[in-house]
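**Student:** Sequence and computational prediction follow.
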Amino acid sequence: MNLINIFVKAIFIENMIFAYFLGMCSYLAVSKTVKTGVGLGAAVIFVLVVTVPVNYLLENFVLKAGALKWMDASLAGVDLSFLSFIMFIAVVASIVQLVEMVVEKFAPALYGALGIFLPLIAVNCSILGGALFMQERQYSNIAEATSFALGSGVGWFLAIVAIAAIREKLRYSHIPAPLRGLGITYIVTGLMGIAFMAFMGIKI
Amino acid sequence: MSTTTAPAAPKESLFSKKNRKLITDPLDDNNPITVQVLGICSALAITVKLENALVMSASVLFVMLAGNVVISLLRNMIPSRIRIIVQLVVVAGLVIIVDNVLKAYVYDVAKQVGVYVGLIITNCIIMGRFEAFAMGNKPGPSALDAFGNAMGYAWILVAVAFFRELLGSGSLFGIPVLGDAVEKTGLYALGYVNNNMMILPPMALVIVGIIIWIQRSRNTKLIEQA
């Protein structure tokens, strides 16, 4: 039950885009058409689901204060948590490299469409943000961390596909010239964020 | 750096036209947030209070300045295949320093800014400047470029935070400027109420949207073709 709770919460209430603005750069840049939006969204889900559990293990068995106890009793006093940024980003960067190679091999069309944004998933804040939130919220086991990662990814996917669909329609509407493109996308995202806040009162 | 083979470039003064452009360009024509669309995540999330915006800007300024100079010094030694990893390691090292300094000296702000300090690592402005500028330029211009871009980032942050704190909590830097909301003095005596919407995250997006609108109606060459 708790797993479903975390999952739904991560999609709607603590949505990466609308509540925390994580991964906005690629969200704004790749959301011109639904097709590329779906591709990037799927890649983000995958990378999150792989990196967060790996980082969870790293956090709990290497970095946390006293986490090295399993190795030797004399290491119980060691606190490596200041290294967490660098460890997390190393994991993220290597997994993204892996995803890039797999996509290039099996879906060359998608690879071409995503272009520079595929390697840039490494610097997509939602991925590192997922790891840092996992650290901050101290999930009690790896299943909870994975459920949180999957929920966050699905939430991000939902957000980018929705905005891409809206932008495809916006192309045909009359918008003041200086607001065209980026400006109106910001404002629409803001309105979507307000709509998503309605989920906040829901308790599961 | 091989200064022996390259013909000696004429010495440039610190405030030559080219160098001044490095600083002024990112403030308006090539602003990281409103034009290049980089580094938005942190820009929006921590702008509820002016104080947080300033701390974040200062952190970004430090990381970007130091990182750009380091990358620029190392640029001929970094193999291009692994440059992203090298850049990430440099940024991550600097961010760890910033994080620890903030926790030591301004603990309250550090708590509020929370994960967003860590997220400076993935702030695309920094990676973008490393890729676009520091990898191909000398340390001096790289430092100026970093300064200009950090300032372009900072002014948007401060502007957004100013309006959000003023309209949302009626204060600036935590000091109430519109009178007392409970005692009903100042503006509140006239029936003014704080707009609590401003404190919520989505309003930051709307404010940036409006800033873009104003900027582009003044600077028409930035208007996007539909």
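**Tutor:** Yep, that arrived.

**Student:** use CA for all of it now, contacts and neighbours both
**Tutor:** OK.

**Student:** for the chain, longest helix please?
**Tutor:** The chain I'm using is chain A. When chain A is parsed with DSSP state H, its longest helix is helix A:142-170.

**Student:** sorry, should have said chain B
**Tutor:** helix B:139-169.

**Student:** I'd like the average pLDDT over it.
**Tutor:** Helix B:139-169 shows a mean pLDDT of 85.

**Student:** Now do the buried residues in that helix.
**Tutor:** By 16 or more other CA atoms under 10 Å in any protein chain shown, the buried positions in helix B:139-169 come out as B:139, B:141-169.

**Student:** next one: stretch A:10-18
**Tutor:** For stretch A:10-18, by 16+ other CA under 10 Å, it's A:A10, A:I11, A:F12, A:I13, A:E14, A:N15, A:M16, A:I17, A:F18.

**Student:** any idea which of those is closest to chain B?
**Tutor:** For the buried residues of stretch A:10-18, the residue nearest chain B by CA to the nearest CA is A:F18; the value is 6.9 Å.

**Student:** all strands for chain B, in order.
**Tutor:** Applying DSSP state E to chain B gives strands spanning B:171-172, B:175-176.

**Student:** do chain A as well
**Tutor:** Under DSSP E, chain A gives no strands.

**Student:** How far off centre is stretch A:83-98?
**Tutor:** Centre-to-centre, stretch A:83-98 and its host chain are 14 Å apart (CA atoms, centre = their mean, to the nearest Å).

**Student:** related to what we said a few turns ago, got a markdown table for the buried residues of stretch A:10-18, with pLDDT and distance to chain B too?
**Tutor:** Listed next are the buried residues of stretch A:10-18 as a markdown table, based on pLDDT from 0 to 100; distance: CA to the nearest CA, whole Å:
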| residue | pLDDT | distance to chain B |
| --- | --- | --- |
| A:A10 | 85 | 16 |
| A:I11 | 86 | 16 |
| A:F12 | 86 | 14 |
| A:I13 | 84 | 13 |
| A:E14 | 83 | 12 |
| A:N15 | 84 | 12 |
| A:M16 | 84 | 10 |
| A:I17 | 83 | 9 |
| A:F18 | 82 | 7 |
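
**Student:** rewinding a little: anything in the longest helix of chain B near chain A?
**Tutor:** No. In terms of CA under 8 Å from any CA of the partner chain, no part of helix B:139-169 sits within range of chain A; the closest distance is 13.5 Å.

**Student:** what's that helix packed up against?
**Tutor:** Here helix B:139-169 touches helix B:17-24, helix B:40-45, helix B:50-74, strand B:171-172, helix B:202-218, going by 3 or more CA pairs under 8 Å, 6 or more residues apart in numbering or on different chains; DSSP states H and E.

**Student:** re earlier: mind listing what's buried along the longest helix of chain A?
**Tutor:** Using 16+ other CA under 10 Å as the burial criterion, the residues of helix A:142-170 that qualify are A:142, A:144-167, A:170.

**Student:** Find the residue ranges of chain A scoring beneath the pLDDT cut-off.
**Tutor:** A:1, A:67, A:114-117, A:123, A:201-204 (pLDDT under 70).
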